[in-house]
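Asks: generate coordinates for the sequence data below:
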Amino acid sequence: MTDSTKFKTGEPTAALLRTGLVLAGLCGGMGVASLALSAHANASPLLQTAAQMLLFHAPVFLGMGLLAQIRRVVLLPVALLALAAGLCLFCGDLFLRAFAEQRLFAMSAPTGGALVILSWLLLAIGALRVRPK
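Replies: The predicted model follows:
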């Protein structure tokens, strides 16, 4: 490892690292709890879908945060925000439909899904302009 790729002990923590860690923890915890509930209760399959979406994306938040600590990626903050908003809308709608038999609002799950797709595309586009810190 060269000096430019090592973490320096006195280097300040990137705000996106903290945000990514918090979101990874929240998504992971909620995903595991939701999967456990869907396995042990006679729950709607929507609960399992929401849990899987949360668990699939928890490591992505972790990776985004770590990437923000070591590299400058132009669209990374926007991608992280779009992913968080998309998961809130998509999973929030599925949770409400599973537990309360009502929707968050019309088109909330498709809007959330589109935001999740957009966040992945933003991450891919941002990868074209990765710079050292």
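
Asks: how about the helices in this protein?
Replies: 15-40, 45-70, 76-99, 108-126 (DSSP state H).

Asks: hang on, residue 44 packs against residue 97?
Replies: Yes - between residue 44 and residue 97 a contact is recorded at 7.1 Å, counting by Cβ atoms under 8 Å. In this view, the C-beta of every residue, glycine as well, is placed from N, C-alpha and C.

Asks: just for the chain, where's the confidence low?
Replies: For the chain, the stretches flagged by pLDDT under 70 are 1-10.

Asks: one more pass at 50, please.
Replies: 1 (pLDDT under 50).

Asks: that older thread, out of the helices of the chain, which is closest to residue 132?
Replies: Closest to residue 132 of the helices of the chain is helix 45-70 (Cβ to Cβ; 8.4 Å).

Asks: buried sites along that closest one?
Replies: Of all the residues in helix 45-70, those buried under the rule 16 or more other Cβ atoms under 10 Å are 46-51, 53-55, 57-58, 60-62, 64-70.

Asks: same check on stretch 97-104?
Replies: 97-98, 104.

Asks: just name the closest of the residues you listed to residue 133, please.
Replies: Nearest to residue 133, judged by Cβ to Cβ, of the buried residues of stretch 97-104 is residue 104 at 38.3 Å.

Asks: grab the nearest non-local neighbour of the closest one.
Replies: Leaving aside its sequence neighbours, residue 104 sits nearest to residue 93 (Cβ to Cβ, 6 or more residues apart in numbering; 4.2 Å).

Asks: return the residues in contact with the one you found.
Replies: Listed by Cβ atoms under 8 Å, 6 or more residues apart in numbering, the contact set of residue 93 reads 103-105, 108-109, 112.

Asks: rebuild these as TSV, extending it with distance to residue 35.
Replies: Converted to TSV, those look like this (distance: Cβ to Cβ, whole Å):
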residue	distance to residue 35
103	22
104	21
105	26
108	22
109	19
112	19
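
Asks: out of the residues you listed, who's nearest residue 21?
Replies: residue 112 (22.2 Å).

Asks: I figured the closest one hits residue 95, correct?
Replies: No - in this structure, residue 112 is not within contact of residue 95 by Cβ under 8 Å, at 11.5 Å.
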